[in-house]
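[1] give the three-dimensional model of this entry:
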Amino acid sequence: QVQLVESGGGSVQPGGSLRLSCVVSGFTVDHAAVGWFRQAPGKESEGFGCIGSGDNSTFYKDSVKGRFTISRDNSKNMVYLQMNNLQPEDTAVYYCNTNDNHGDYFGQGTQVTVSA
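    Below you'll find the model as predicted:
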């Protein structure tokens with residue numbers, strides 16, 4: 001059974017940093033692409049980055065490029081999202097995601113709040 005659990009959210013001031021973790025079970029992170037999504041209050045969910053399966057290739061939307069970094073620890077079966085220079089518009093619930101032949105999987109999300 002595929003499960004993802006996010007952690008590491010919190011409240012920070014603009015310019016601050018957070019590292020989110022995504023613990024996965026039911027699959028190995030080096031054999032699956034894992035993406036990150038976020039949903040801000042009153043807005044649709046936004047997929048903004050992912051790390052590929054089998055290698056460390058990454059993709060980021062322009063809104064986070066240069067500030068966010070996705071990485072993977074195969075030994076711990078975890079995926080990380082390092083977020084630097086956070087801004088108020090980054091405030092959202094953050095989710096990690098993967099998919100297989102049976103469907104899409106998301107964790108429960110972790111709240112990130114950026115305010116002065």
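
[2] do a quick rundown of the strands in the chain.
    If you assign secondary structure with DSSP state E, the strands in the chain sit at 3-7, 10-12, 18-25, 34-39, 46-51, 58-60, 68-73, 78-83, 92-100, 103-106, 110-114.

[3] quick one: buried residues of the last one?
    Within strand 110-114, the residues that qualify as buried are 110, 112, 114, counting by 16 or more other CB atoms under 10 Å. Quick note: C-beta positions are derived from backbone N, CA and C, even for glycine.

[4] what's across from the spatially most central residue of the chain in the sheet?
    Per CA atoms, centre = their mean, the C-alpha nearest to the average position across the chain is that of Trp36, at 3.4 Å. When assigned by DSSP bridges, Trp36 has beta-bridge partners Gly49, Cys96.

[5] now mean pLDDT too, for the strands of the chain, in a markdown table please.
    Supplementary listing: the strands of the chain in a markdown table, determined by pLDDT from 0 to 100:
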| stretch | mean pLDDT |
| --- | --- |
| strand 3-7 | 97 |
| strand 10-12 | 98 |
| strand 18-25 | 96 |
| strand 34-39 | 98 |
| strand 46-51 | 97 |
| strand 58-60 | 97 |
| strand 68-73 | 96 |
| strand 78-83 | 98 |
| strand 92-100 | 95 |
| strand 103-106 | 94 |
| strand 110-114 | 98 |
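
[6] re earlier: and which of the buried residues of strand 110-114 is nearest Gln82?
    Distance to Gln82 across these (CB to CB) is lowest for Val112, with 12.4 Å.

[7] would you confirm that the closest one contacts Gly10?
    Yes. Between Val112 and Gly10 there is a contact under CB atoms under 8 Å: 7.0 Å.

[8] shared neighbours of the two, which are they?
    When CB atoms under 8 Å, 6 or more residues apart in numbering defines a contact, the residues bordering Val112 and Gly10 alike are Leu18.

[9] so the residue nearest to the centre of the chain sits against Gln82, correct?
    No. Taking contacts as CB under 8 Å, Trp36 lies outside contact range of Gln82: 11.0 Å.

[10] which residues do these two both contact?
    Overlap between the contact sets of Trp36 and Gln82, as judged by CB under 8 Å, 6+ apart, is given by 68, 70.
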